[in-house]
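> only the shape, not the letters, is given here:
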Ligand code: HEM
Ligand code: HEM
């Protein structure tokens, strides 16, 4: 995952170990009906999505940007104005995340980076990567809610690959499962001790 | 929602007020792209599902029953054995929940009962409704994960109504959104103060 994206630390020593073990994650996959087929369909989506990343980000940023109570989380704590540097910095890592999700290599490095992404939405690490002074936390209920716009608006991009409706359904299902498992992992810092 | 189901207290004075307001919920709907069309498709699903509730429960209970780390939450704290009275008691309320979800009347009573269901999965109230001595809490990551088996295994039942593939897709999408919003509301007791 070597890239030149500022703050993207996947697979590096800067990322701590996930409190969720690979064994725990295997059970999470089982409970989410996530299997080898899903990995295959995610990888199929990779080839379709890799040249459409900027257009996908335009749609997602358009949604967040036009929804004031979501844009709020990208605003300065001081003056309540959207922080353009912050929006731009996160956007690059978000683009890489699309490729990582579609790449579907669910190993220890991946698990550790999920923990890192959770911390970056939570007060623990929010704002530190981009060195901004924005609002201190993203409320977790919206993180789960965004599963829907993200996996819904992805569909027209998946359809551009010219695959059958069945294959597009399966790619979208695999995305739904993967993003759900990820936001579950991201929620860990928000959950009371022993209740995750 | 008057029924004779033991422990089903929807709309009664036994249910406390949700800490989530109807205004908060309106924003949650917006973030989840949940709209009037979804209400319409949920109600369409009601007519299809109402005579299939027991068969749906057979599938869901089959999944939980055959997955030891899930069945665990229905076991006695003392001897680790599945508690059949508990499984049977919850099953009746679960059946009613299918109808309530498809009924899609998202008002203050509904919101309050979502809070109650959350408390019943959490230590706060788990086991009290059925007066059992089972394990004390359902870990929240599995509650979110079960969104997938529940909305996936529902599909063949939705298909029984003889509607077009497009309509079945939309009913299933509406179910995905509704169940997601519900589990988000249920997670509230698990989240650290101020972070929900
Ligand atoms: C399914 C839901 C979501 C997904 C898939 C998602 C994805 C991501 C990704 C991939 C990153 C960059 C991670 C990195 O640093 O490598 C990120 C960061 C961020 N996201 Fe999200 N996100 C979600 C929900 C939300 C919500 C609801 C908000 C609120 C508007 C939000 C706001 C942010 C912000 C402000 C950052 C920068 C955090 C920081 O490092 O300071 N995200 N998100
Ligand atoms: C999408 C996920 C889930 C849904 C839709 C769901 C649905 C329900 C419903 C409708 C009830 C009855 C509420 C009432 O009392 O009126 C219930 C209770 C219960 N559920 Fe879940 N559930 C989910 C996740 C889980 C998980 C992961 C487990 C673990 C195996 C679980 C185990 C239980 C137990 C043990 C009860 C009884 C709690 C008590 O009152 O003591 N549920 N669930």
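The structure has been received and is ready for your questions. Worth saying up front: this structure is predicted, and the values here are computed from it rather than measured. Numbers count the residues shown, from 1 in each chain, chains lettered A, B, ... in the order given. Ligands and ions are numbered 1, 2, ... in the order given.
> what helix or strand does residue A:156 sit in?
According to DSSP states H and E, residue A:156 maps onto helix A:155-159.
> wait, doesn't residue A:56 sit right on residue A:97?
No. Counting by CB atoms under 8 Å, residue A:56 does not reach residue A:97; the two are 10.8 Å apart. C-beta here means a position set from N, CA and C on the backbone, and glycine is covered the same way.
> do the helix or strand following the helix holding residue A:156 and ligand 1 meet?
Going down the chain from helix A:155-159, the next helix or strand is helix A:165-186, by DSSP H and E. Yes. Residues of helix A:165-186 contacting ligand 1 under CB under 6 Å from any ligand atom: A:179, A:183.
> what packs against the helix holding residue A:156?
Judged by 3 or more CB pairs under 8 Å, 6 or more residues apart in numbering or on different chains; DSSP states H and E, helix A:155-159 is in contact with helix A:36-49, helix A:165-186.
> reformat the ones you listed as a markdown table; add distance to residue B:148 and mean pLDDT.
Shown next, in a markdown table, are the helices and strands packed on helix A:155-159 (distance: least, CB to CB, whole Å; pLDDT from 0 to 100):
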| stretch | distance to residue B:148 | mean pLDDT |
| --- | --- | --- |
| helix A:36-49 | 10 | 98 |
| helix A:165-186 | 6 | 98 |
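> identify the residues contacting stretch A:56-68?
Residues outside stretch A:56-68 that contact it (CB atoms under 8 Å, 6 or more residues apart in numbering or on different chains) are A:49, A:70-71, A:74, A:82, A:87, A:91, A:94-95, A:98, A:149-150, A:153-154, A:157, B:30-31.
> what does stretch A:116-135 give?
So stretch A:116-135 is contacted by A:6-7, A:9, A:15-16, A:72-78, A:83, A:85-86, A:89-90, A:97, A:136-138, A:140, A:143, A:182, A:185-190, B:195 (CB under 8 Å, 6+ apart).
> for ChimeraX, write the selection for the buried entries among these.
For the buried members of the contacts of stretch A:116-135, the matching ChimeraX selection, counting by 16 or more other CB atoms under 10 Å in any protein chain shown, is:
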select /A:9,15,72,73,74,75,83,86,89,90,97,137,138,140,143,182,185,186,187,188,189,190 /B:195
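> which of the contacts of stretch A:56-68 are close to ligand 1?
Among these, the residues that sit close to ligand 1 (CB under 6 Å from any ligand atom) are A:70, A:74, A:94, A:150.
> can you tell me the helix or strand for the first one?
What that stands for is residue A:70. Per DSSP H and E: residue A:70 is located in helix A:68-71.
> tell me the buried residues in that helix?
residue A:70.
> report the angle between the helix or strand just after that helix and helix A:165-186.
Reading on from helix A:68-71 to the C-terminus, the next helix or strand found by DSSP H and E is helix A:84-103. Note on geometry: by axes from the mean of the first three to the mean of the last three CA atoms, to 10 degrees, helix A:84-103 and helix A:165-186 are set 120 degrees apart in direction.
> and helix A:84-103, what does it pack against?
On a contact count with 3+ CB pairs under 8 Å, 6+ apart, helix A:84-103 meets helix A:36-49, helix A:53-65, helix A:108-121, helix A:165-186.
> mind putting those into JSON lines with distance to residue B:168?
Output for these, formatted as JSON lines (distance: least, CB to CB, whole Å):
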{"stretch": "helix A:36-49", "distance to residue B:168": "20"}
{"stretch": "helix A:53-65", "distance to residue B:168": "25"}
{"stretch": "helix A:108-121", "distance to residue B:168": "33"}
{"stretch": "helix A:165-186", "distance to residue B:168": "11"}
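> any chance of those helices in CSV, plus distance to ligand 2?
Formatted as CSV, the helices and strands packed on helix A:84-103 follow (distance: least, CB to the nearest ligand atom, whole Å):
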stretch, distance to ligand 2
helix A:36-49, 19
helix A:53-65, 25
helix A:108-121, 20
helix A:165-186, 11
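> closest residue of chain A to ligand 2?
Closest to ligand 2 within chain A is residue A:31: 7.1 Å, counting by CB to the nearest ligand atom.
> next, the nearest residue to that residue once chain neighbours are set aside: phi, psi?
Of all residues not flanking residue A:31 in the chain, residue B:145 sits nearest, at 3.9 Å (CB to CB, 6 or more residues apart in numbering or on different chains). Taking degrees, to the nearest 10, you get phi -60, psi -40 for the backbone angles of residue B:145.
> mind listing what residue B:145 touches?
By CB under 8 Å, 6+ apart, the contact set of residue B:145 is A:28, A:31, A:32, A:180, A:181, A:184.
> by neighbour count, which of the residues you listed wins?
residue A:184 (26 neighbours; other CB atoms under 10 Å in any protein chain shown).
> show me where pLDDT drops low in chain A?
In the predicted model of chain A, residues A:1-2 satisfy pLDDT under 70.
> how about the residues of it near ligand 1?
A:7-8, A:64, A:70, A:73-74, A:90, A:93-94, A:97, A:117, A:120-121, A:126-127, A:129-130, A:138, A:142-143, A:146-147, A:150, A:179, A:183.
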